[in-house]
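# Below are the sequence and a predicted model for it; my questions follow.
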Amino acid sequence: MMRVSELAALRLWESDPGRSPLARARAFLTEVATPEIATSAAPAAVDRLAVGTRNFRVLRAYAETFGPRVPCEVACPACDSRLELEIDVRELIAAYREPPESVTVRHDGRDYSARVPTDADLGAAIEQHAGAEGLFARCALAPAPEEWPAAAIAAIESAMAAADPLAQIDLALRCPDCAHGWPAPFDALAVLYDRLAAQAQGLLLDVHRLARAYGWREADILAMAPARREHYLALLGA
């Protein structure tokens, strides 16, 4: 079960300002703990997750908390028309499979191996402003990174994308006005946090209204079942 509770949404929202994607992933996966994370050192367990595995858990949490459809609005890069669409995360979840720890390709009679990137690898590359080259240098296993020809790097990147298809989610979009097609990146973690932030702010507004009307404490209001809270809010508007 990966549903995000109301209290978990509040904690994630109030601790979020300025957090990096890696810190967000750690916070989310620790808050919505799965058994393998809850029984181990949480940051280390999160850091070892392949990026696609993290995205899979984020997408599953979104679907179980808010439903499977994500409303989106994007601008066409060719004509600037606004496109409104819904993404069904069930289709993305269906593409998931547990990635291997490493992949190997053969080029010119030689084997080239690299680890599938984890969130820790992405975080280090971002912090060091190392870009794709820095990420590759962290993940290359054999031979040493400087011994890889460009063709072998391209081959291992394709193999990694096949082994961990949710590591980078690109939506194939087409503009209905100008027929321009393009791949649009879909940031599952950012989408989930945006929705959690809206939920948390709405919850605080409900607490404010009920506390002002009835003098109840925040803790008592938050402890109520959502259906009972909604009933009291409806009475205020009656």
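Cool, the structure landed.

# ok, now which ones touch the most centrally placed residue in the chain?
In the chain, the residue lying closest to the centroid (C-alpha atoms, centre = their mean) is Leu189, at 2.4 Å. Counting by C-beta atoms under 8 Å, 6 or more residues apart in numbering, Leu189 makes contact with Pro21, Arg24, Ala25, Phe28, Arg54, Asn55, Val58. C-beta here means a position set from N, CA and C on the backbone, and glycine is covered the same way.

# rerun that using 6 Å as the cut-off
Arg24, Val58 (C-beta atoms under 6 Å, 6 or more residues apart in numbering).

# Look up how far Leu22 lies from it.
Distance, Leu189 to Leu22, using C-beta to C-beta, to the nearest Å: 10 Å.

# about what we covered before: helix, strand or coil for the residue nearest to the centre of the chain?
Using DSSP: H, G, I helix; E, B strand; the rest coil, the structure places Leu189 in helix.

# roughly how far apart are it and Ala155?
28 Å.

# Need the pLDDT of Met160.
Listed pLDDT for Met160 reads 93.

# Same check on the one 10 residues further on?
Reading off the confidence values, Asp170 has pLDDT 92.

# Give the closest residue to it in space, chain neighbours not counted.
Pro183 (4.0 Å; C-beta to C-beta, 6 or more residues apart in numbering).

# quick revisit: read off the pLDDT value for the residue nearest to the centre of the chain.
Confidence score, pLDDT, at Leu189: 90.

# With the one 3 residues further on instead?
Turning to Leu192, the model gives it a pLDDT of 91.

# do Glu6 as well
On the pLDDT scale, Glu6 gets 88.

# From Asp194, how far off is it?
In terms of C-beta to C-beta, Glu6 sits 17 Å off from Asp194.
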